[in-house]
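**Student:** Sequence and predicted structure, then a few things I'm wondering about:
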Amino acid sequence: MPPRKAFTLLEVLIAIALMGIMLPALYSGVEMLRQSNHHLFESLEKAKKVTQATKILYLDILNSDGNLNIEKDEFSRLCIENTKNSIYALPSAKVCWVVSKDKNTLLRVEGNGYHLPLGLEENVEIDSVMTEVELFDIYRSKEKDKVLVLIGQKGKEPISFMVQGVLEPTQKKQPPKPQEQTESLQTPSSKTLDSNPE
């Protein structure tokens, strides 16, 4: 019977040493890939959140009754008196978009009949949209049917979009003048008599 070939102790030690050199390199490669995937996932989640926020802002403006109150300071402040785009299942809501001084956070405030700054008794929902905002500007066209929105976050390209087809602001009905009230009380026959003297 011929003798069987086997590994010598030296060959086994060399193989173990080579594996000891290769395994840390493989592990660091896998760890780098895992971290890269984690950062990519975080970036995609942030981009998704920003996209969702701009979509909500777009729909807030588009579904409004046209009464938009835009105030300019360091950042714009937009208050929509009445919009049908409620994320809290309200039939219609007052929505304000403001940038707070805490980390320049863009906030969306939704409720009914509240006033800014908010008091303790106000019943509203506040959502943090994004932090480190460097630009939040809103402009309305002279014709009032278009709204331009500019949003910029620190270290990122600014986002801009235009909402077209915005409703004309509704005017509150003014009470009729006293003269108009007396005319409306007259009957048609008395008007005819007055207008046709004999």
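**Tutor:** That came through fine.
**Student:** so where do the helices sit in this structure?
**Tutor:** Ranges of helices in the chain, per DSSP state H, are 9-62, 178-185, 188-195.
**Student:** Could you list every helix and strand in contact with the first one?
**Tutor:** In this case it means helix 9-62. The elements that helix 9-62 packs onto, with contact taken as 3 or more CB pairs under 8 Å, 6 or more residues apart in numbering; DSSP states H and E, are strand 76-83, strand 93-100, strand 105-111, strand 124-130, strand 146-153, strand 159-164. C-betas here are computed from N, CA, C, even on glycine.
**Student:** Ok, which of the helices of the chain comes nearest residue 137?
**Tutor:** Shortest distance between residue 137 and the helices of the chain, using CB to CB, is found for helix 9-62: 12.6 Å.
**Student:** one step back: go through the helices of the chain and pick out the most buried.
**Tutor:** Comparing the helices of the chain by mean neighbour count (mean count of other CB atoms under 10 Å), helix 9-62 comes out on top with a mean of 12.
**Student:** roughly how far is it from the heart of the chain?
**Tutor:** Here the centre of helix 9-62 is set off from its chain's centre by 29 Å, with CA atoms, centre = their mean, to the nearest Å.
**Student:** coming back round to it: export the helices and strands packed on helix 9-62 as CSV, with columns for mean neighbour count, mean pLDDT and distance to residue 37.
**Tutor:** Listed next are the helices and strands packed on helix 9-62 as CSV, based on neighbours: other CB atoms under 10 Å; pLDDT from 0 to 100; distance: least, CB to CB, whole Å:
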stretch, mean neighbour count, mean pLDDT, distance to residue 37
strand 76-83, 19, 93, 37
strand 93-100, 22, 94, 33
strand 105-111, 19, 94, 28
strand 124-130, 16, 92, 23
strand 146-153, 18, 93, 23
strand 159-164, 14, 92, 26
